[in-house]
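*Asks:* here is a sequence together with a model predicted from it:
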Amino acid sequence: MDVNKPTLQEKLTRLRMSFLSQMPARLDKAQQQFSALSDDWDSHASQAVDLHRFFHSIKGTASSFGFTDLAHLAGEGETIMLALIETQDSTEAATQIAPLGSLLSAMKQQLKQLQSHTSSDNGTQSAPSFEMEQFESNLIAGKRKALIYICDDEPEQVSQLGYQLHCFGYSIEFFTDTLSFREAVMKRRPDAVIMDVYFPNGSTAGTDELARLSQVIGEALPAIVLSGYGDFEARLGAVRAGCMAYFTKPARALDLAAKLDELLEGDSREEQLRILVVDDEPEVAAYHSLILQEAGMSVRQLHDPSGILDALQQFNPDLVLADMYMPRCTGVELAAIVRQLPEYVSLPIVYLSSETNRQKQFSAMQVGVEGFITKPVVPEELVAAVVLRAERMRTLRALMSRDSLTGLYNHTSTTEMLHTSLAQAMRLEENLVVVMLDLDNFKAINDLHGHMAGDQVLIALSRILRHRLRSSDIIGRYGGEEFALLLKGVTPGYAEKLVNQLREDFSNIAFTAGKARFNCTFSAGISCYPDYTHADSLRLAADRALYQAKNQGRNQVVVSRPKHD
Ligand SMILES: Nc1nc2c(ncn2[C@@H]2O[C@H](COP(=O)(O)OP(=O)(O)OP(=O)(O)O)[C@@H](O)[C@H]2O)c(=O)[nH]1
């Protein structure tokens, strides 16, 4: 762990302090509004709504931050103001508002106490009543190249396999004996292990070592057995050591890569869930964002609901988490605006509010929102509620936009993304590289080795692309054996180098079909914005470059040099 990096607890404490530091000014303003309304309700009636909002928002924020007494006082103020606004009797109002004077004093008193506690705790006072530390320890690990340890006493048998796994995008380290393997695990935990069974120091030394290690470190390492033997004893040893899969030699790198991906929680390139948090209170938005970010989600905050259209277009969220009461427009109105847009009719919207009135919650949901989460939220529950709905959205979207064989974006969505990525590149004034990539002589592979062997090649290429490109890059299966890549913010020269490296690595992957072994290559054409400024011209330029690569003998990359757009 990076000791200089603030922990979740420290970040939350900062937010809470920031909230407290703004309270005196907000209380002063509330005091002025209260005095004005007490003096002359009719002339200042519009301020009543503001004062109600003040109490409502302090109730929600204070409870989120665990300042329960302050939240309770604000809740009393909210009730008084609501009754006053609803009765609309200005003669009664002046007397009914009187208790707010002592309530505001009590809030100031409470604030002083909180400030002295928080500063004497040196900023480390524990946040809300829930188990933040436990939540922190359950966080999803960040993304990086997965580290795989291969332990086999006959390195020559696995070196080729290791090399091919490296081509798929894994970081590989080899060990030839169980002792050095154990030492390495104790120093740095791998993401997964590929372990032989038989070693000179014992016929089941490999799986015995895994079993021993799992006792020492308290959990089984994600492990695959790769053994020359497939007998019952060896398999039983693997099961008892908690191994997830068993392969006998010789194993195909593609099959091992598929199993490793499965072990490493499915698709290691799975994009983060994108959540748009709409709340006019910056600290509250930051607080909820922090919880969702720490759980591995990508979060954007929007404090002014009028920015919703741009935020939807630019961020393309999987879910919107919106406050219900905001000054410019309410959460209900916001949801109705989103629902006016055909492309967002199924986007999940969840309200996050301290509104506890069931009737109000119910009518707020009539505009087609997915749920209602009441503040203060327990982080685990917020994450669970958001993930559940956002993932459902992802699944639906994937069915519509992904190719079923490779899981990559299909032709339609790749074309759409070319347009949106180009618009984004123009806005950010950064490059956008388009790569059209086509397998060489693929028809011959199908004809010689069968359609299923051809499918394995397509899957292998898509796997390499997913492993090796950044999650911000777009990878599409543009046609049968044609792929399109959209690489953001890179130069054509960098893209050429990258694609050439991919081309070389891919050409080294050995495929098998029955007894036959074969390799496959691809050719690629590259074009770049701003050299070309229209989606069609970008794609056509990359296509022309690809055509040139094919004509020049295949297995090469050509960059389009523009004459005119
Ligand atoms: N196995 C398999 N083959 C496919 C799939 N989609 C398209 N193909 C095949 O891809 C082959 C493409 O052949 P061609 O367009 O002649 O190109 P090529 O043989 O790769 O030759 P060049 O592109 O000129 O190097 C055809 O045989 C298609 O049947 C698929 O999903 N699976």
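*Replies:* Great, that's in hand.
*Asks:* would you map out the domains in this protein?
*Replies:* 8-129, 147-263, 274-401, 411-559 (automatic domain parsing).
*Asks:* between the ones you listed, which has the poorest mean confidence score?
*Replies:* Among those, domain 8-129 carries the lowest mean pLDDT, at a mean of 82.
*Asks:* thinking again about what came up before, need the domains of the chain in JSON lines (columns: mean neighbour count).
*Replies:* The way it works is simple: take the backbone N, C-alpha and C, and place the C-beta from them, glycine included. Output for the domains of the chain, formatted as JSON lines (neighbours: other C-beta atoms under 10 Å):
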{"stretch": "domain 8-129", "mean neighbour count": "17"}
{"stretch": "domain 147-263", "mean neighbour count": "18"}
{"stretch": "domain 274-401", "mean neighbour count": "18"}
{"stretch": "domain 411-559", "mean neighbour count": "18"}
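*Asks:* pretty sure residue 255 is in contact with residue 247, am I right?
*Replies:* Yes: with contact defined as C-beta atoms under 8 Å, residue 255 counts as touching residue 247 (7.0 Å).
*Asks:* export the domains of the chain to JSON lines and tack on distance to the ligand?
*Replies:* Output for these, formatted as JSON lines (distance: least, C-beta to the nearest ligand atom, whole Å):
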{"stretch": "domain 8-129", "distance to the ligand": "45"}
{"stretch": "domain 147-263", "distance to the ligand": "14"}
{"stretch": "domain 274-401", "distance to the ligand": "17"}
{"stretch": "domain 411-559", "distance to the ligand": "2"}
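*Asks:* give the residue farthest from the middle of this protein.
*Replies:* Largest separation from the mean C-alpha position in the chain: residue 91, at 55.0 Å (C-alpha atoms, centre = their mean).
*Asks:* double-check that it belongs to a helix.
*Replies:* Yes: Residue 91: assigned to a helix according to DSSP: H, G, I helix; E, B strand; the rest coil.
*Asks:* would you mind measuring from it to residue 428?
*Replies:* Per C-beta to C-beta, to the nearest Å, residue 91 is found 59 Å from residue 428.
*Asks:* check residue 472 too.
*Replies:* Look at residue 472 and residue 428: by C-beta to C-beta, they are 12 Å apart.
*Asks:* which phi and psi does the closest residue to residue 428 other than its chain neighbours have?
*Replies:* Excluding its sequence neighbours, the residue lying closest to residue 428 (C-beta to C-beta, 6 or more residues apart in numbering) is residue 489, at 7.9 Å. Backbone torsions of residue 489, given as degrees, to the nearest 10, read phi 70, psi 30.
*Asks:* ok, residue 489 touching residue 431?
*Replies:* Yes: the criterion here is C-beta under 8 Å, and residue 489 meets it with residue 431 at 5.9 Å.
*Asks:* what residues are shared contacts of those two?
*Replies:* Residues touching both residue 489 and residue 431 (C-beta atoms under 8 Å, 6 or more residues apart in numbering) are residue 425.
*Asks:* check which helix or strand covers the residue nearest to residue 547 when sequence neighbours are not counted.
*Replies:* Once flanking residues are discounted, residue 547 sits nearest to residue 525: 7.0 Å by C-beta to C-beta, 6+ apart. In the assignment (DSSP states H and E), residue 525 maps to strand 522-529.
*Asks:* just checking, what packs against the next helix or strand after that strand?
*Replies:* Where DSSP H and E defines the elements, the next helix or strand beyond strand 522-529 is helix 535-551. Packing partners of helix 535-551 (3 or more C-beta pairs under 8 Å, 6 or more residues apart in numbering; DSSP states H and E): helix 411-428, strand 432-439, strand 522-529, strand 557-559.
*Asks:* could I get those as a markdown table with distance to residue 453?
*Replies:* Shown next, in a markdown table, are the helices and strands packed on helix 535-551 (distance: least, C-beta to C-beta, whole Å):
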| stretch | distance to residue 453 |
| --- | --- |
| helix 411-428 | 24 |
| strand 432-439 | 12 |
| strand 522-529 | 16 |
| strand 557-559 | 25 |
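*Asks:* gap between stretch 284-304 and the chain center?
*Replies:* 12 Å (C-alpha atoms, centre = their mean, to the nearest Å).
*Asks:* how long is that stretch end to end?
*Replies:* End-to-end span of stretch 284-304 (C-alpha to C-alpha, to the nearest Å): 13 Å.
*Asks:* secondary structure element for residue 254?
*Replies:* Per DSSP H and E: helix 253-263 holds residue 254.
*Asks:* what of residue 476?
*Replies:* Taking DSSP H and E as the definition, one finds residue 476 inside strand 474-477.
*Asks:* contact partners of that strand?
*Replies:* By C-beta under 8 Å, 6+ apart, the surrounding residues in contact with strand 474-477 are 403, 405-406, 408-411, 413-414, 417-418, 421, 458, 462, 465-466, 469, 483-486.
*Asks:* would you put the C-alpha positions of it in PDB?
*Replies:* The C-alpha trace of strand 474-477 is given here as PDB (Å, rounded to 0.1, in the frame of the first residue of the first chain):
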ATOM      1  CA  ILE A 474     -12.300   0.800 -28.600                       C
ATOM      2  CA  ILE A 475     -12.000  -2.600 -30.200                       C
ATOM      3  CA  GLY A 476     -14.600  -3.700 -32.700                       C
ATOM      4  CA  ARG A 477     -15.100  -6.700 -34.900                       C
END
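*Asks:* continuing past that strand, what's the next helix or strand?
*Replies:* Assigned by DSSP H and E, the successor of strand 474-477 is strand 482-488.
*Asks:* which other helices and strands does the host helix or strand of residue 332 contact?
*Replies:* Using DSSP H and E, residue 332 sits in helix 331-340. With contacts taken as 3+ C-beta pairs under 8 Å, 6+ apart, helix 331-340 sits against helix 308-315, strand 319-323, strand 349-353.
*Asks:* quick one: the ones you listed as TSV, columns for distance to residue 160 too.
*Replies:* Below are these laid out as TSV (distance: least, C-beta to C-beta, whole Å):
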stretch	distance to residue 160
helix 308-315	44
strand 319-323	45
strand 349-353	50
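*Asks:* alright, I will stop here.
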